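Peer 1: Fold the following.
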Amino acid sequence: MEKNARIYVAGHRGMVGSAIVRLLEQKGYTTIITRTSSELDLRDQAKVIEFFQAEKPEYVFLAAAKVGGIYANNVYRAEFIYDNLSIQNNLIHQSYAHGAKKLLFLGSSCIYPKFAPQPLKEEHLLTGKLEPTNEPYAIAKIAGIKMCESYRDQYDMAFISAMPTNLYGPNDNYDLNNSHVLPALLRKFHTAKMEKAPNVEIWGTGKPMREFMHVDDMASASVFLMERYNDKPFVNVGTGTEVSIKELAEMIKKIVGYEGRLIFNTTRADGAPRKLMDVSRIHAMGWRHKIPLYEGIDTVYRNHVQHMDF
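Peer 2: Numbers count the residues shown, from 1 in each chain. Below is the predicted model:
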């Protein structure tokens, strides 16, 4: 990408989009185009067409999406598939229609079958049944991958896709009904500490294994791929390491300084038993994450306490 290229970051107020904007600015890119959801409803085809006609972005980071944890994915199933398909369809097609040089579509590790071999390799896509609790979201993300591949095949567009592991960091969502597990645990433990609660409830058995990566590392990978990668296959992005939910809870308990007990509510769904990304492809390109998990969570928590964000 040229330093003065017109770069559109869709979803710039979200966790990933805001991290990409921060990194682009640090790297000296001067023309970063953004719109809030109130300024541009990405589900509205006519409005998206008007935006592309006016702004003519050359590079597009598609980081806009409706996201949430197990509860939100399972309850708002229609919204998750409709909103995400609409956003993707509009942005990918208009990037083609208005001659964008390149587009990066950001997906999710939930695209893989629930019982796919571990670690999850890119070739495991569509080899088995999805996790039922987030199937609508996963199907939307799979459609986004296939749309990028199809526009590359038919129109020779430089549309690429990256599949992040579980992310955390600045601008995360801490709503207990809609957040992912790591921010939800941070808020639970902080609240319990402030209220001197005797215990903290953890949903599920604590046994599922998960991989977590700081969003600044995801932004680094996104810009790296936009600058250097131009092949058809999508690329996993992660750390290649994992912890159990119980281990994560104990880590957050220590970081927060909470001294009560953990209680596991086994009536709540665990989700997929394990989701570790095989990141050998992006490692072979020369990219690796830099922020250790404990250090990253500790920094995020202390920043939130300092700014009274909980």
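Peer 1: Please list all residues in contact with residue 110.
Peer 2: By Cβ atoms under 8 Å, 6 or more residues apart in numbering, the residues touching residue 110 are 130, 131, 134, 137, 138, 141, 272, 275. Any C-beta I mention is one placed from the backbone N, CA and C, and that applies to glycine too.
Peer 1: Tell me which residues of stretch 279-299 come out buried.
Peer 2: 279, 281, 282, 287, 289, 291, 293, 296, 297, 298, 299 (16 or more other Cβ atoms under 10 Å).
Peer 1: which among the contacts of residue 110 gets closest to residue 23?
Peer 2: The closest of the contacts of residue 110 to residue 23 turns out to be residue 141 (Cβ to Cβ; 22.7 Å).
Peer 1: host element of the closest one?
Peer 2: In the assignment (DSSP states H and E), residue 141 maps to helix 135-155.
Peer 1: Which residues does the next helix or strand after that helix contact?
Peer 2: For helix 135-155, the following helix or strand on the C-terminal side (DSSP H and E) is strand 159-164. Outside strand 159-164, the residues within contact range by Cβ under 8 Å, 6+ apart are 16, 92, 95-96, 102-109, 111, 122, 144-145, 147-149, 151-152, 213, 218, 221-222, 225-226, 229-231, 234-238, 277.
Peer 1: can we see that at 7 Å?
Peer 2: Residues outside strand 159-164 that contact it (Cβ atoms under 7 Å, 6 or more residues apart in numbering) are 92, 103-109, 111, 144-145, 148, 151-152, 218, 221-222, 225, 229-230, 234-237.
Peer 1: Repeat that for stretch 279-288.
Peer 2: 122, 221, 224, 228, 229, 235, 236, 237, 238, 240.
Peer 1: farthest pair in those?
Peer 2: The span of the contacts of stretch 279-288, defined through Cβ to Cβ, is set by 228 and 240 at 19.7 Å.
Peer 1: Who has more neighbours out of those two?
Peer 2: residue 240 (18 against 10; other Cβ atoms under 10 Å).
Peer 1: lowest-confidence helix or strand of this protein?
Peer 2: In the chain, the helix or strand scored least confidently by mean pLDDT, DSSP states H and E is helix 70-75, which has a mean of 80.
Peer 1: For the helix or strand following it, buried residues please.
Peer 2: Beyond helix 70-75 in the direction of the C-terminus, DSSP H and E gives the next helix or strand as helix 77-97. For helix 77-97, burial by neighbour count (16+ other Cβ under 10 Å) applies to 77, 80-81, 83-96.
Peer 1: same question, stretch 226-238
Peer 2: Neighbour-count burial for stretch 226-238 flags 226, 229, 234, 235, 236, 237, 238 (criterion: 16+ other Cβ under 10 Å).
Peer 1: Need the residues that contact the helix or strand where residue 51 lies.
Peer 2: Element membership of residue 51, judged by DSSP H and E, is helix 45-55. The contact list for helix 45-55 (Cβ under 7 Å, 6+ apart) reads 6, 8, 33, 35, 40, 41, 42, 90, 91, 94, 98.
Peer 1: Find the pair from these with maximum spatial separation.
Peer 2: 6 and 41 (21.2 Å).
Peer 1: more crowded one of these two?
Peer 2: Neighbour count, other Cβ under 10 Å: between residue 6 and residue 41, residue 6 has more, with 19 against 15.
Peer 1: Does the more buried one touch residue 31 like I think?
Peer 2: Yes - judged on Cβ atoms under 7 Å, residue 6 makes contact with residue 31 at a distance of 5.0 Å.
Peer 1: count of neighbours near the spatially closest residue to residue 159 that is not a sequence neighbour?
Peer 2: Spatial nearest neighbour of residue 159, chain neighbours left out: residue 148 (3.9 Å); criterion: Cβ to Cβ, 6 or more residues apart in numbering. Around residue 148 there are 25 other residues, counting by other Cβ under 10 Å.
Peer 1: got the contact list for residue 230?
Peer 2: Applying Cβ under 7 Å, 6+ apart to residue 230 gives the contacts 158, 160.
Peer 1: ok, now which ones touch the residue nearest to residue 108 when sequence neighbours are not counted?
Peer 2: Closest residue to residue 108 apart from its sequence neighbours, by Cβ to Cβ, 6+ apart: residue 141 at 5.1 Å. With contact set as Cβ under 7 Å, 6+ apart, residue 141 has these partners: 107, 108, 111.
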